[in-house]
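Asks: compute the structure for the input listed below.
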Amino acid sequence: MSETASDRRMRDYYAARAEEYDRIYQKPERQADLRKIESWLQATLAGCTVLEIACGTGYWTQFYAPHCAKVIALDSALETLAIARTRTPPERVSFAVGDAYRIPMQSGKFDAGFAGFWWSHVPLDRIREFLRGFHAALRPGARVVFLDNRFVEGSSTPISERDAEGNTFQARRLADGSSHRVLKNFPTREELLRILAPVAGALRYHEWEYYWAVEYEVAALN
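Replies: Model prediction:
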């Protein structure tokens, strides 16, 4: 499938947001969760050869990559990749322009896969398409970690609309005054486990006050 209009909008939004991308991690109420997740992610991916997709500015890459054998991190926006390259040791991490739906990597090359704050931007009708492509780039039995937001009233940006398929959207304003309609889904634990159960072994769900994560082993391609 070629790049969709939705894909372009998302890429353009994060390109425009690059310089202010990490401000979301400065919210005081989220600091305790973030410290716990940093440690957990390091331990979970330690020693692995990791494919990270939608790496953004490398905020999460900087915490786990020093503990890994090798990381290749993809993002579709040159502006966020420019920041990411300043944060990690080049002998451990390689960054590349890449599309999460068309991963330009040799099949079966990695023993772990990671995506932080990407699942929520995948349209509901494209989740299985995304998982098939992602899993195809990993070795059988590879460990996968997804990390994303929970919706917390008063801390999360309000939901501004919902489409016929059940996708939810936020209206976001950047420092330059521009407004953006951004796809942002907040799946429940039950929804995540239902989607992943057919293709995941040793599936585990983790929850903090502001974030969730799932980790599993790639069991099959569907």
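Asks: what about the longest helix along the chain, average pLDDT?
Replies: Longest helix in the chain, counting residues (DSSP state H): helix 31-45. Mean pLDDT, helix 31-45: 98.
Asks: buried set for that helix?
Replies: 34, 37, 40, 41, 44, 45 (16 or more other CB atoms under 10 Å). (Glycine included, C-beta is placed from N, CA and C.)
Asks: how about the first one, nearest residue that isn't a chain neighbour?
Replies: Okay, so that is residue 34. residue 25 (6.3 Å; CB to CB, 6 or more residues apart in numbering).
Asks: backbone dihedrals for the nearest residue to residue 175 once chain neighbours are set aside, both of them.
Replies: Nearest non-adjacent residue to residue 175, counting by CB to CB, 6+ apart: residue 20, 5.5 Å away. Note on residue 20: its backbone torsions stand at phi -110, psi 10 [degrees, to the nearest 10].
Asks: what about residue 20, neighbour count?
Replies: 11 (other CB atoms under 10 Å).
Asks: now do it, the pLDDT please.
Replies: For residue 20, pLDDT reads 87.
Asks: state which strand of the chain is the longest.
Replies: Scanning the chain for the longest strand, with DSSP state E as the assignment, gives strand 138-149.
Asks: now for that one, which elements pack on it?
Replies: Secondary-structure packing of strand 138-149 (3 or more CB pairs under 8 Å, 6 or more residues apart in numbering; DSSP states H and E): helix 31-45, strand 110-116, helix 127-136, strand 211-218.
Asks: residue 130 and residue 75: what is the separation?
Replies: 15 Å (CB to CB, to the nearest Å).
Asks: of these two, who's got more company?
Replies: residue 75 (28 against 18).
Asks: circling back to that earlier point, quick one: which of the helices and strands packed on strand 138-149 is nearest residue 193?
Replies: Among these, the nearest to residue 193 by CB to CB is strand 211-218 (7.9 Å).
Asks: who touches that closest one?
Replies: Under the criterion CB atoms under 8 Å, 6 or more residues apart in numbering, residues 33, 37, 40, 44, 113, 135, 138-150, 189, 192-193, 196, 199-207 lie in contact with strand 211-218.
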